[in-house]
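Participant: I would like to see how this sequence folds:
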Amino acid sequence: MGNTTRNTDEKRRAYKKAKKLRSKLRKAEMKQEMRENNNNRTEQQLTSKKKKWRRVTAEDGAKKAVDRPLEAGYGVGAVNDLLQRRSTAKAEKNYEVSDEITKTLVRLQIVYDDERWEWHTRAWKHPKGM
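Facilitator: Numbers count the residues shown, from 1 in each chain. Have a look, this model is predicted:
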């Protein structure tokens, strides 16, 4: 009877040891996968520089888009350039520059979609008191 108990205890210890090893391997695999995902994300951010922003209208499916002229000094090319610089700044984690460009776009009442690389104008909302 003592021999059977000893065998059972040895099997239990071996099982626990194997379980710990499997857990360590799983954790190592997860860390490696996270590193690879971060590298892929960085590569995607770098390749995102090659994408181009485009203006969309209500005809393109942007329901709230209003086809209105832009503020003086800001044409479609200038807005595309601002959005491109903002995307680059975000990819480089230069959030101060990105935030300044965002404030300019908000002032111009331009709505943008980072995932689709599209932007459109809103109807002018005049400040209160004017």
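Participant: now the lengthiest helix in the chain: how far from the chain's centre is it?
Facilitator: Criterion DSSP state H: the longest helix present in the chain is helix 2-47. From the chain centre to the centre of helix 2-47 is a distance of 29 Å (C-alpha atoms, centre = their mean, to the nearest Å).
Participant: Quick one: name whatever helix or strand follows that helix.
Facilitator: strand 54-55 (DSSP states H and E).
Participant: Direction included, what does that next one pair up with?
Facilitator: Using DSSP bridges, strand 54-55 pairs in its sheet with strand 118-121 (parallel).
Participant: tell me which residues in the strand it pairs with are buried?
Facilitator: Buried residues in strand 118-121, counted by 16 or more other C-beta atoms under 10 Å: 118, 119, 120, 121. Bear in mind the C-beta positions are built from the backbone N, C-alpha and C, glycine included.
Participant: Skipping its backbone neighbours, what lies nearest the second one in space?
Facilitator: Think residue 119. Leaving aside its chain neighbours, residue 119 sits nearest to residue 112 (4.0 Å; criterion: C-beta to C-beta, 6 or more residues apart in numbering).
Participant: The first one too?
Facilitator: Closest residue to residue 118 in three dimensions, ignoring its sequence neighbours and counting by C-beta to C-beta, 6+ apart: residue 56, at 4.6 Å.
Participant: Surely that neighbour touches residue 120?
Facilitator: Yes - assessed by C-beta atoms under 8 Å, residue 56 is found in contact with residue 120 at 5.1 Å.
Participant: so what sits against both of the two?
Facilitator: Common contacts of residue 56 and residue 120 (C-beta atoms under 8 Å, 6 or more residues apart in numbering): 62, 65.
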